[in-house]
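> Fold the following and give me the result.
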Amino acid sequence: MDLNKISLPYDVPYYSQVASPDLAFQIFSHELSPESDPRWMDYGTDTQEEYAYWVERSCGIACVKMCVEALGGPRRSMMEWIRRGLALGGYLEKVENGTRVELGWIHQALADLVEGEGFIAFPTAATLGEIHAHLQDKQLIIASVCYQLGTYETITHKGGHLVVVKSSWSGPGIPASSHGLVIHNPSGRYRELQMDARIPADRFEASYSGRVVIIGPS
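Purely as a prediction, here's the structure:
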């Protein structure tokens, strides 16, 4: 299978939305409060409450951090990246009937953060075949999927979460049912679904909104 693997020439680091990735399941399932994370200060927040607020809202920022560092850009804390994104108006909220509705990180703002470090980045639509082609062209990909991709749950909707796609396998001689992608998922609930998670193509497509941010060297 791996004879047909498309891999990037970059060492892509992994960053979780959770300061202690081994606690991801407990925190995201609300069995453990984020304030109880013993490594919360690694995030760069000023308080445990600030960390708790952003831990479920930082998928796009974790992806930006991974991609920028993969291309040789600066290492910044998660919270420093969040603050830079907020300064660009990158986190979208609105009020409906007196209730605040959070829509998440704007893809263009994430691209602007990357471009601010001297790299190429742009949001676009892409089919799964086009994702393979972008990888072949040595481009990093932030893909919009649903959070269930980091669980063993049945996929029920598309989008709302972001992951980094770093390689794929497909091609002649490999059954379509065996095609897949390797991703860094910042909200993976289990170790095997966090760093270098191997996701079958059909499961990826079930969760995929069709939108990506393409990132490459200058």
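
> Now Gly159. Nearest residue, chain neighbours left out?
By the measure of C-beta to C-beta, 6 or more residues apart in numbering, the closest residue to Gly159 outside its immediate chain neighbours is Ser209, 3.2 Å from it. Every residue, glycine included, has its C-beta placed from N, CA and C.

> which SSE is the one you found in?
Following DSSP states H and E, there is no helix or strand that holds Ser209.

> List the residues that contact it.
144-145, 158-160 (C-beta atoms under 8 Å, 6 or more residues apart in numbering).

> Between those, which sits nearest Arg57?
If you rank the contacts of Ser209 by distance to Arg57 using C-beta to C-beta, Gly160 comes first, at 11.4 Å.

> Check the spacing between the closest one and Phe204 real quick.
15 Å (C-beta to C-beta, to the nearest Å).

> So for those two, which residue has more residues nearby?
Legend: neighbour count by other C-beta atoms under 10 Å for Gly160 and Phe204, higher for Phe204 (22 against 15).

> number of nearby residues for the residue lying closest to Val213 once chain neighbours are set aside?
Taking C-beta to C-beta, 6+ apart, and ignoring the residues beside it in sequence, Val213 has Ile142 as its nearest neighbour in space, at 4.2 Å. Using other C-beta under 10 Å as the criterion, Ile142 is surrounded by 28 other residues.

> Can you read off the pLDDT for Ile142?
Reported pLDDT at Ile142 in the predicted model: 98.

> Same check on Asp46?
Predicted confidence (pLDDT) at Asp46: the value is 95.

> Restricting the selection to alpha carbons, write the longest strand along the chain to CSV.
In the chain, taking DSSP state E as the definition, the longest strand is strand 161-169. Taking only C-alpha atoms (Å, rounded to 0.1, in the frame of the first residue of the first chain), the coordinates of strand 161-169 have been written out as CSV:
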residue,chain,number,x,y,z
HIS,A,161,-13.2,21.3,12.6
LEU,A,162,-9.7,21.6,11.0
VAL,A,163,-6.9,19.1,10.5
VAL,A,164,-3.5,19.0,8.7
VAL,A,165,-3.3,16.6,5.8
LYS,A,166,0.4,15.5,5.4
SER,A,167,0.3,12.4,3.2
SER,A,168,-2.0,10.0,1.3
TRP,A,169,-2.0,6.7,-0.3
